[in-house]
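Student: Next come a sequence and a model predicted from it.
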Amino acid sequence: MIARILFLPIGILLGTVLARKVGANAFEKGWAGSRGTLPPTATTERATWPEVVGAAALRGSIIAVTAAAFTRLGASAFRYLFGYWPGEKSPAPAPQLRQRSE
C-alpha cells in the first residue's frame with residue numbers, strides 16, 4: 001500500500017506527462033515524414049473522415065503504448081531501488097469467472 005502511494009507521483013510523471021509528450025512527438029514526426037503534412041484534427045476542413053479517424057486512432061494507440069512502457073519502466077526501477085512492486089502482483093479474475101468458482 002505504501003509502495004503504491006510513493007509510486008503515484010513517479011507514475012504520473014512518467015506515464016502521463018513524459019510519455020504523452022514523447023508519444024505525441026513520435027506520432028507527429030512519423031505522420032509528417034510519411035504524409036508530408038501535419039496530422040489532421042477533427043476540425044481540419046479538407047481532411048476526409050478516414051484520415052481524421054485513422055489519425056486519432058493511431059495517435060491514441062501510440063500514446064497508450066508509450067505510457068504503458070514508461071510506467072512499466074518506472075515500476076521496474078522502483079522495485080529495483082526500494083524492493084517493492086508498486087502495483088498488483090497479477091490481474092484479478094474477471095467477474096464472470098469469480099461467480100463460477102463460488
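Tutor: Nice, I can see it.

Student: Show me which residues of stretch 25-34 are buried.
Tutor: For stretch 25-34, a neighbour-count test (16 or more other CB atoms under 10 Å) marks 27, 31 as buried. (Glycine included, C-beta is placed from N, CA and C.)

Student: any idea of the mean pLDDT in it?
Tutor: Throughout stretch 25-34, pLDDT has a mean value of 95.

Student: and stretch 42-56, average pLDDT?
Tutor: For stretch 42-56, the per-residue pLDDT averages 95.

Student: Residue 47 is in contact with residue 35, isn't it?
Tutor: No - here residue 47 does not reach residue 35: they are 10.7 Å apart, not a contact under CB atoms under 8 Å.

Student: And the helices in this structure?
Tutor: Taking DSSP state H, the helices of the chain run over residues 2-11, 19-35, 49-82, 95-101.

Student: Out of those, which gets nearest to residue 41?
Tutor: Residue 41 lies closest to helix 49-82 among the helices of the chain, at 7.2 Å (CB to CB).

Student: other SSEs contacting that closest one?
Tutor: With contacts taken as 3 or more CB pairs under 8 Å, 6 or more residues apart in numbering; DSSP states H and E, helix 49-82 sits against helix 2-11, helix 19-35.

Student: Quick check: the gap between residue 9 and residue 86.
Tutor: With distances taken as CB to CB, to the nearest Å, residue 9 is found 11 Å from residue 86.

Student: Residue 11 now?
Tutor: From residue 11 to residue 86 the distance is 7 Å (CB to CB).

Student: Same check on residue 60?
Tutor: Counting by CB to CB - residue 60 and residue 86 are separated by 25 Å.

Student: So those two - more neighbours on which side?
Tutor: residue 86 (20 against 12; other CB atoms under 10 Å).
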